[in-house]
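# Next input, structure requested:
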Amino acid sequence: MASSGPRPQRADWQRNHERLLAAARPLVARNGARFSFEEVAREAGVGSATLHRHFPSRRALLDEVFHEAVECLRRRGAELARGDPGTGLLTWLEELTVTAVETRGLTASLEADADRGPSSADGCHGVVRKATVELVDRARAVGAVRPGTSPDDLLALVTAISLATEGDPAAARRLLRLVLDGVRP
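From the prediction side, this is the model:
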C-alpha cells in the first residue's frame, strides 16, 4: 500500500528535535552563529551523534532557529494587518527590530537570504518583506506614513539599527523611535 505523504517521525525523534531547538535558542541569542554545537547537545541532554542526525551542520540548526523566529514574525505581521494601519506598521517595525536584535545573526541571515533574489520569496527575507510591504501599503493608504515611504527603505533602516544595537533592545527601540518620527507625516 502506497503512502500519501511523508512518514511521521517517531515520538522520541520529535522530542529530541524539540529539546535540541530549545537548547539552541538561548545559545544562538547569546552567541549568534558562533554558538557551540557540542554545548547544544549537552544542554539538550543528548549525544553529539543525535545532534548530528537532526542537524548535520551548524547552518542547518541556525536556519531552523531563524525560521522559527521568522515564522513568529509572519504570524504577527498577519495579525497586525487586521488592525489600525499606522499602529500596525509601527508595532511591526519595533517587533521586527527587537527580534533581530535579540536573535544574534538573524539580521545577517535575512540579508544573505535577500541576496539570493526573487526565488527566495518563501525564505526569511521574503516572509519579512511581504509583511512589511502589506503593512506599509495599508499605512500609506490612510496617510499614516509619508508619501514615498518604501518598504525596502524601512527594512534597510531596521537592518542598520539591528546591526548597530545587536544585543541591546532598549537602544534599538530608542533609535527606531527617532527614525520613525521622520517616517510619520
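
# how about the helices of the chain, start to end?
Taking DSSP state H as the test, the helices found in the chain are 11-31, 37-44, 48-54, 58-80, 85-102, 106-115, 124-141, 151-164, 169-183.

# Let's have those helices in CSV, adding mean neighbour count and mean pLDDT.
Glycine gets a C-beta too; all of them are placed from N, C-alpha and C. Formatted as CSV, the helices of the chain follow (neighbours: other C-beta atoms under 10 Å; pLDDT from 0 to 100):
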stretch, mean neighbour count, mean pLDDT
helix 11-31, 16, 90
helix 37-44, 17, 93
helix 48-54, 15, 94
helix 58-80, 17, 88
helix 85-102, 21, 92
helix 106-115, 19, 59
helix 124-141, 20, 92
helix 151-164, 18, 93
helix 169-183, 15, 92
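
# quick one, domains of this structure?
10-56, 58-183 (automatic domain parsing).

# start to end distance for the last one?
Translated: domain 58-183. End-to-end span of domain 58-183 (C-alpha to C-alpha, to the nearest Å): 38 Å.

# centre of the chain versus it, how much separation?
Mean-position distance between domain 58-183 and its chain equals 8 Å (C-alpha atoms, centre = their mean, to the nearest Å).

# show me the residues around the nearest residue to Thr91 once chain neighbours are set aside that make contact.
Nearest non-adjacent residue to Thr91, counting by C-beta to C-beta, 6 or more residues apart in numbering: Leu80, 5.7 Å away. Residues near Leu80 by C-beta atoms under 8 Å, 6 or more residues apart in numbering: Gly88, Leu89, Thr91, Trp92, Leu135.

# got a pLDDT number for Thr103?
In this model, Thr103 is scored at 77, pLDDT.

# ugh, typo on my part, it should be Gly117
Among the per-residue scores, Gly117 holds a pLDDT of 47.

# Could you do Ser3 as well?
The score at Ser3 is 44. That number is its pLDDT.

# ok, now the one 4 residues further on?
At Arg7, the pLDDT value in this model is 46.

# What residue, apart from its backbone neighbours, is nearest the most centrally placed residue in the chain spatially?
What sits nearest the mean C-alpha location of the chain, by C-alpha atoms, centre = their mean, is Val70, with 3.3 Å. Using C-beta to C-beta, 6+ apart and skipping the chain neighbours, the partner closest in space to Val70 is Cys124 (4.5 Å).

# for Val127, same thing?
Leaving aside its sequence neighbours, Val127 sits nearest to Arg74 (C-beta to C-beta, 6+ apart; 4.9 Å).

# can you pull the contacts of the one you found?
Arg74 sits next to Val127, Val128, Ala131 when contact means C-beta under 8 Å, 6+ apart.
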